[in-house]
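A.B. asks: please find the sequence and the predicted model below.
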Amino acid sequence: MQRLSVDTDVTVVGGGLAGVAAAIGAARTGARVALINNRPVLGGNASSEVRVWVCGATAHGAQKYARETGIMGELFRENQYRNPEGNPFLWDQVVLDAVRAEPNIRLYLNTDVREVEADGPDDRRTVRAVTGWQMGSERIIRFSARMFVDATGDGLVGALAGAWHRTGREAAHEYGEEWAPDQPDSEMLGSTMFFYTKDTGEPVRFVPPSIAKDVAATSIVRKRPIRASANGCDYWWIEYGGDRDVVADHEEIRDELWAVIYGIWDHIKNSGEFDADTLTLEWVGSVPGKREYRRFVGDHVLTQQDVTEQRRFPDTIGFGGWSIDLHPAGGMYAEEDGSKHLYPAGLYHIPFRSLYSRNTGNLLLAGRDISATHVAFGTTRVMATCAVTGEAAGVAASLCVRDGLSPRQLATDHVDLLQRTLLRNDASLLGVEWHDPADLAAAARVTASSELSMLSVRPRPDEEPSRHSLDGQDVGLVLPVQPAIGSVEVLLEVAESTDVRFELWSTGGGENHIPVEKLDEAVVRTEAGTHWVRAPFGHKAPDGENVVLLLRRNPEVSVVVVDRPGPYGVLGLVSRTPRMITGRPQSNAWSAEELRRRCPAVVVHGDSSALAAAQVTGPLQRPYHGPRMWSSQALTVDPRPWIRLDWDEEREIGSFDIIFNDDVDIDLINLHHHRTPFPVMPELVRDYRVEALVDGAWQTVVTVEDNRGRRRSHVLGERLRATALRLTVLATNGSEWATVVALRVFATEH
């Protein structure tokens, strides 16, 4: 048996997506990192051992323009390219390769941390080291560091260090939460295991093992959906242990989950109620996917109101968008529904003060153990959001080490540094403005070969548009306004003469893309036939804003729909009844799925600067009160579009960043929930060239082919002095427009 010591700047314990993102974020910010995971693969609940879909702010399409960027975005895009079938073993390798690509990370798999060295009084604890047993190699390894990140999910490191934490549910009066119980209790969300099946093409019998439960004798067959075609996360409701101690009773919980899985399969195969003769079990999980255990207490405890009211924080470090998704403690045996959901009107913000321990000075939190109430945890717990908090915690840990700060000092005195670093890395911040005195692009004049100044989509002579009926459904169009819009025309097919009702709504905030507050309305008498019908509205928003044009339901009217995307920022919506009615606007009341990557034929009168060239040096780099990017005119009109930065005098350039558009409105997934029809987002620029104007002549400094990345950072071999920089788009991955989100230029390397 060997005893080893490892000393790094940052130690991350837990190799789920929160820990992976924390380790990568810290390493890229310059820290030496140890990443410790007690399993043989990375990914936690997303790994091939458990096989949970990576859900996040998109809420499977309920939220709009919501997919995560930064490290989680990189993993999504790479998996889409390498593993479109959603093979869980290939997903493992996508995650592992991302970690192995970072030279500053030392990875320790199969290493179970069991001891934590911490000292100091109860209100001022300090972690000194953690010690783990590495299975297989029979090594005891002591890890010392200046900063630690607890990404264990269950919060083991913090608990052993004496960090304040809670379990169970708070009482409603403590934080004023509507969804909290009247009295505090120990109930939590339970654990889940899955199974996969396959069709062998010939009859297969199933002899149930002794552990199999007779599910027909339980409420499961009455209250839960059992289908022969279901696989994996389709059975998210196979859940147990919320009314027990999820950790102390782990073994019993796993056995009960096994018993129900084999009981369900016995019911499918042998009850005679299903067409399953040729189906067989392909895989059954052996590691329960835990949902909830310890939640640490930080300087801010995220609450239900923070989520539903979309409160903005000065120290925001990321966003979420999954519903507050709470399950009954009885899990699969509960008589009530397996889950209940509460959505805000759009995305919500997460403050950095929820990512560090209130009483342990060098302990950061990442993933499902961050500082939140049980109710707010119902949304922050999903894995893509966990990765967002992980990246922020890792970057913060690295900055604390570099600058000799505590997390609290970083939050109160230097939060601009944290946010600026996250934005430079294209992390998932919303509405946070980029300001960096080192960015030379901010002082440049921006011009382009063309700009998409008129928002319009018309059917082409060679295409046959489809129709979307207003019979029983309202249809909406999200439209960016900057600085103003005049009237709006929509192409309608009218069966009989009728009044068409148009309404103009605000979204209530840059986070939102649904109607929240009515601004104006108009009723237009329209005769039978196919007509462009004009809604006589006007609305001003000099700094940028989204509005929603609503066409109210009318059985005589259909909207003509072009089966291709419209200009970026124009999005079609269809009304639907949300699962939970709360009296407040909820994003899931409006679906973009039916019209996603399709666009109602529309003409917005008035020139728009929402997609102007100047957007690339603007302060926002995600859709927020508008698309916040440059778009050329169609490539058929401008086949080699360019955008350039000009300075009044020579500037020394050592590096530059380009953030391309990868359509964050599209929901990507790691496993089998759905499949995206293209391996690379069509909006991403595929081939491009960057030139510098040096001594009056253009000099090519970078040429890239087959790009599939959103953020591309280029460090020049030698610094050059130039008066202009020009990016020329040679090809996209399929989009009919060239789009660029941001250009940042620096005298030195990041």
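C.D. replies: Ah, there it is. Residues are numbered from 1 along each chain as shown.
A.B. asks: what does stretch 153-164 contact?
C.D. replies: 13-14, 16, 18, 44, 113, 115-116, 118, 122, 125, 127, 130, 148, 150, 165, 246-247, 290, 293-297, 357-360, 363, 365, 367-369 (Cβ atoms under 8 Å, 6 or more residues apart in numbering). For glycine as for every other residue, the C-beta is placed from the backbone atoms N, C-alpha and C.
A.B. asks: please repeat the previous calculation with a cut-off of 6 Å.
C.D. replies: The contact list for stretch 153-164, computed with Cβ atoms under 6 Å, 6 or more residues apart in numbering, reads 13, 116, 118, 125, 127, 150, 165, 247, 293-294, 296-297, 357-360, 363, 367-369.
A.B. asks: and the helices in this structure?
C.D. replies: 17-28, 70-82, 88-100, 156-161, 172-175, 220-223, 250-270, 304-308, 374-380, 383-403, 407-413, 415-424 (DSSP state H).
A.B. asks: for those, which one sits closest to Ala697?
C.D. replies: Closest approach to Ala697 among the helices of the chain is made by helix 415-424 (30.6 Å; Cβ to Cβ).
A.B. asks: measure how the closest one sits relative to helix 17-28, angle-wise.
C.D. replies: 100 degrees (axes from the mean of the first three to the mean of the last three Cα atoms, to 10 degrees).
A.B. asks: what does helix 415-424 rub up against?
C.D. replies: Asp315, Val395, Ala396, Leu410, Leu429, Val432, Trp434, Asp436.
A.B. asks: dump those residues to TSV, plus neighbour count.
C.D. replies: Output for these, formatted as TSV (neighbours: other Cβ atoms under 10 Å):
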residue	neighbour count
Asp315	22
Val395	32
Ala396	33
Leu410	22
Leu429	26
Val432	27
Trp434	18
Asp436	15
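A.B. asks: and those, which is closest to Leu743?
C.D. replies: Trp434 (11.3 Å).
A.B. asks: let me see the confidence value for the closest one.
C.D. replies: On pLDDT, Trp434 comes in at 97.
A.B. asks: coming back round to it: need the winner for burial among the helices of the chain.
C.D. replies: Burial of the helices of the chain is given as mean neighbour count (mean count of other Cβ atoms under 10 Å); helix 17-28 ranks first at a mean of 32.
A.B. asks: what about Val41, how many neighbours?
C.D. replies: When neighbours are defined as other Cβ atoms under 10 Å, Val41 has 21 of them.
A.B. asks: show me where pLDDT drops low in this structure?
C.D. replies: Applying pLDDT under 70 to the chain flags the ranges 579-582, 749-750.
A.B. asks: buried stuff in the longest strand seen in it?
C.D. replies: When the chain is parsed with DSSP state E, its longest strand is strand 711-732. For strand 711-732, the neighbour count (16 or more other Cβ atoms under 10 Å) marks 711-713, 720, 722-732 as buried.
A.B. asks: closest to Arg402 out of those residues?
C.D. replies: Closest to Arg402, out of all of the buried residues of strand 711-732 and judged by Cβ to Cβ, is Ser713, at 19.2 Å.
A.B. asks: who does that closest one form a beta bridge with?
C.D. replies: Asp657 (DSSP bridges).
A.B. asks: now do the buried residues in stretch 121-132.
C.D. replies: Arg125, Thr126, Val127, Arg128, Ala129, Val130, Thr131, Gly132.
A.B. asks: go on, stretch 465-479?
C.D. replies: Applying 16+ other Cβ under 10 Å to stretch 465-479 flags Pro465, His468, Ser469, Leu470, Gln473, Asp474, Val475, Gly476, Leu477, Val478, Leu479 as buried.
A.B. asks: now those in JSON lines, with distance to Trp532?
C.D. replies: Formatted as JSON lines, the buried residues of stretch 465-479 follow (distance: Cβ to Cβ, whole Å):
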{"residue": "Pro465", "distance to Trp532": "13"}
{"residue": "His468", "distance to Trp532": "16"}
{"residue": "Ser469", "distance to Trp532": "18"}
{"residue": "Leu470", "distance to Trp532": "16"}
{"residue": "Gln473", "distance to Trp532": "21"}
{"residue": "Asp474", "distance to Trp532": "20"}
{"residue": "Val475", "distance to Trp532": "16"}
{"residue": "Gly476", "distance to Trp532": "18"}
{"residue": "Leu477", "distance to Trp532": "14"}
{"residue": "Val478", "distance to Trp532": "20"}
{"residue": "Leu479", "distance to Trp532": "16"}
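A.B. asks: which ones among those map onto strands?
C.D. replies: Per DSSP E, the buried residues of stretch 465-479 map to strands at His468, Ser469, Val475, Gly476, Leu477, Val478, Leu479.
A.B. asks: same list, the residues you listed, but as JSON lines with distance to Arg311 please.
C.D. replies: JSON lines is the format used below for these (distance: Cβ to Cβ, whole Å):
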{"residue": "His468", "distance to Arg311": "36"}
{"residue": "Ser469", "distance to Arg311": "39"}
{"residue": "Val475", "distance to Arg311": "31"}
{"residue": "Gly476", "distance to Arg311": "26"}
{"residue": "Leu477", "distance to Arg311": "29"}
{"residue": "Val478", "distance to Arg311": "23"}
{"residue": "Leu479", "distance to Arg311": "27"}
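A.B. asks: wait, Ala21 sits on Gly70?
C.D. replies: No. Contact criterion Cβ atoms under 6 Å: Ala21 and Gly70 do not qualify, at 7.7 Å.
A.B. asks: now Ala427, nearest residue through space, not along the chain?
C.D. replies: Spatially, and ignoring its direct neighbours in sequence, Ala427 is nearest to Gly70 (3.6 Å; Cβ to Cβ, 6 or more residues apart in numbering).
A.B. asks: for the one you found, what are its contacts?
C.D. replies: Glu391, Asn425, Asp426, Ala427, Ser428.
A.B. asks: can I get these in CSV including distance to Leu189?
C.D. replies: Listed next are the contacts of Gly70 as CSV, based on distance: Cβ to Cβ, whole Å:
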residue, distance to Leu189
Glu391, 24
Asn425, 31
Asp426, 32
Ala427, 27
Ser428, 24
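A.B. asks: looking at the residues you listed, which is nearest Tyr624?
C.D. replies: Using Cβ to Cβ, the contacts of Gly70 come closest to Tyr624 at Ser428, 12.1 Å.
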